[in-house]
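> Here you go, sequence then predicted model.
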Amino acid sequence: MPPSYSLSQLNTFALEVKAQQLIHIDELSQLTQLLPITEPMLVLGGGSNMLFTEDYQGLILHNRLLGIEITADDDFHYLSVAGGENWHDLVMHCAELGIGGLENLALIPGTVGAAPVQNIGAYGVELADVCQAVHAYCLSSGEFHHFDLAQCQFAYRDSLFKRQRDYFISRVLLKLPKNWQPQLSYGELKQWAAKLAYQPSPLDVAKQVISVRQDKLPDPKQIPNVGSFFKNPIVDKAQAQQLLQQYDDMPQYVTSQGVKLAAGWLIDKLGLKGFAIGGAAVHQRQALVLINANHACADDVVLLAQHVREQVAKHFGVNLEPEVNFINEQGYSNLHDALKSLNRGSNHV
């Protein structure tokens with residue numbers, strides 16, 4: 001039986017892709033009745049970090065669990081948030097209550113349950129900085145797990161849940177300090193804060209983050225996209241210094257893993273803004289974003305992503321890794337496999 005459940009409204013690239021089965025999980029009892037799951041399956045939140053390269057020949061579980069609980073002691077606010085809650089709505093809810101810690105992560109699309117998978121981050125803050133624990137069901141065994149911070153194995157845009165895909169995240173526990181200090185050391189926020197004569201509130205910071213992101217990033221509802229398509233690459237100090245000698249205006253950020261470069265800057269430096277293949281294009285204002293500009297198919301996006309990677313590698317000697325998750329007919333894939341499938345002449349959406 002061919003896939004018949006449309007996912008066009010459940011992926012922010014707005015590709016006309018279908019699934020064999022689709023179940024909206026609104027109550028945990030629905031999920032536990034299905035466990036364990038032995039057939040090919042995929043957990044979907046907002047679809048904001050997914051690129052479907054083919055129709056999906058399996059079961060999709062759409063996480064729509066809702067609920068936010070907030071408690072506190074003398075030093076911290078504790079949040080217990082269901083996996084289907086909208087991430088940005090949670091950030092703004094906290095900021096409006098005067099609870100700080102999430103404001104730098106405003107306007108990141110997707111659900112709370114998807115946030116730990118990618119270890120989402122922006123403007124010097126990552127989910128790992130505020131996460132206390134994650135509750136999840138192992139879909140293949142049917143067992144419930146409580147993962148503390150160390151067990152989540154967070155790294156740059158990475159986690160245990162990204163490497164082991166058979167977890168359905170039901171709840172995320174966050175720990176936010178009452179003695180909050182704004183994180184304003186990164187990019188545009190640093191420039192904004194330098195002009196202030198007062199310490200901004202969490203809501204002030206959230207609004208500024210929204211303003212910066214809206215100025216640079218297209219709204220997926222208006223221009224379909226998956227946000228940042230590539231990770232910011234990390235290179236060793238020697239390569240970073242060599243690049244800086246060639247390009248003295250190149251942004252660089254020293255981290256514990258090495259020196260982080262700005263992928264968007266590298267792409268922009270090559271004049272690729274606006275470059276298109278088929279219906280897919282590099283966004284005119286933010287080179288890190290690939291967009292569905294004109295009824296793109298998955299092949300257009302795959303070829304465009306590969307072209308960008310090849311050009312950056314050729315001119316800078318830097319390898320870009322996609323941040324987006326590639327999904328083929330069987331499940332999680334990657335750009336290399338998508339290219340191989342394309343070359344074999346497979347049918348793509």
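Alright, I've got the coordinates.
> Identify the residues contacting the nearest residue to residue 289 once chain neighbours are set aside.
Using C-beta to C-beta, 6 or more residues apart in numbering and skipping the chain neighbours, the partner closest in space to residue 289 is residue 283 (4.2 Å). Bear in mind the C-beta positions are built from the backbone N, C-alpha and C, glycine included. Taking C-beta atoms under 8 Å, 6 or more residues apart in numbering, we find residue 283 in contact with 218, 223, 225, 273, 289, 290, 291.
> try it again with 6 Å
Residue 283 makes contact with 218, 289, 291, according to C-beta atoms under 6 Å, 6 or more residues apart in numbering.
> Also residue 139?
Here residue 139 is in contact with 37, 166, 168 (C-beta under 6 Å, 6+ apart).
> just residue 303 next, same as before
Counting by C-beta under 6 Å, 6+ apart, residue 303 has contacts residue 277.
> can you give me the offset of the helix or strand where it lies from its chain's centre?
Assigned by DSSP states H and E, residue 303 belongs to helix 298-316. Its chain's C-alpha centre and that of helix 298-316 lie 20 Å apart, by C-alpha atoms, centre = their mean, to the nearest Å.
> so what does the helix or strand just after it touch, helix or strand wise?
Remark: after helix 298-316, the chain's next helix or strand is strand 325-327, criterion DSSP H and E. Secondary-structure packing of strand 325-327 (3 or more C-beta pairs under 6 Å, 6 or more residues apart in numbering; DSSP states H and E): strand 50-52.
> one step back: and the contacts of residue 283, which of them are in strands?
Residues of the contacts of residue 283 located in strands (DSSP state E): 289, 291.
> So among the contacts of residue 283, where is pLDDT lowest?
Least confident of the contacts of residue 283 in the model: residue 218, at 93.
> list the buried ones in the helix holding residue 303?
298-306, 308-309, 311-312, 316 (16 or more other C-beta atoms under 10 Å).
> Can you lay out the residues you listed as TSV showing distance to residue 202 and pLDDT?
Output for the buried residues of helix 298-316, formatted as TSV (distance: C-beta to C-beta, whole Å; pLDDT from 0 to 100):
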residue	distance to residue 202	pLDDT
298	39	93
299	43	95
300	40	96
301	36	96
302	40	96
303	42	97
304	37	98
305	36	97
306	40	97
308	36	98
309	37	97
311	40	98
312	36	98
316	37	98
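> mind putting those in JSON lines, distance to residue 81 included?
As requested, those are exported to JSON lines (distance: C-beta to C-beta, whole Å):
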{"residue": "298", "distance to residue 81": "32"}
{"residue": "299", "distance to residue 81": "37"}
{"residue": "300", "distance to residue 81": "36"}
{"residue": "301", "distance to residue 81": "31"}
{"residue": "302", "distance to residue 81": "34"}
{"residue": "303", "distance to residue 81": "38"}
{"residue": "304", "distance to residue 81": "35"}
{"residue": "305", "distance to residue 81": "32"}
{"residue": "306", "distance to residue 81": "37"}
{"residue": "308", "distance to residue 81": "35"}
{"residue": "309", "distance to residue 81": "35"}
{"residue": "311", "distance to residue 81": "40"}
{"residue": "312", "distance to residue 81": "37"}
{"residue": "316", "distance to residue 81": "40"}
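> chain center to stretch 43-51, what's the gap?
9 Å.
> How about stretch 239-249?
The answer for stretch 239-249 is 28 Å, by C-alpha atoms, centre = their mean.
> can you list contacts of that stretch?
Here stretch 239-249 has contacts from 250, 252, 259, using C-beta under 6 Å, 6+ apart.
> most neighbours, which of these?
residue 259 (19 neighbours; other C-beta atoms under 10 Å).
> SS state for that residue?
In three-state terms, and counting by DSSP: H, G, I helix; E, B strand; the rest coil, residue 259 is strand.
> How is this structure divided into domains?
Domain assignment for the chain by automatic domain parsing gives 5-63, 68-177, 225-343.
> wait, which of these is closest to residue 189?
domain 68-177 (5.4 Å; C-beta to C-beta).
> Now the closest one: average pLDDT?
Here the average pLDDT along domain 68-177 is 97.
> So what's the gap between that domain and the chain middle?
13 Å.
> What residues of stretch 19-36 count as buried?
Buried residues in stretch 19-36 (16+ other C-beta under 10 Å): 19, 20, 21, 22, 25, 28, 31, 34.
> typed the wrong thing, it's stretch 237-257
239, 240, 243, 250, 252, 253.
> Touching, the last one and residue 260? I think so.
Yes. Contact between residue 253 and residue 260 holds when scored by C-beta atoms under 6 Å: they sit 4.4 Å apart.
> Looking at the residue nearest to residue 16 when sequence neighbours are not counted now. What's its pLDDT?
Leaving out its chain neighbours, the residue that sits closest to residue 16 by C-beta to C-beta, 6+ apart is residue 8, at 5.3 Å. As predicted, residue 8 sits at a pLDDT of 90.
> how many other residues sit next to residue 8?
Neighbourhood size, residue 8 [other C-beta under 10 Å]: 15.
> ok, now how distant is it from residue 298?
Separation of residue 8 from residue 298 (C-beta to C-beta, to the nearest Å): 13 Å.
> What of residue 284?
Distance from residue 284 to residue 298, by C-beta to C-beta: 22 Å.
> from the buried residues of stretch 237-257, which is closest to residue 155?
The nearest one, if we look at the buried residues of stretch 237-257 relative to residue 155 and count by C-beta to C-beta, is residue 253, at 16.0 Å.
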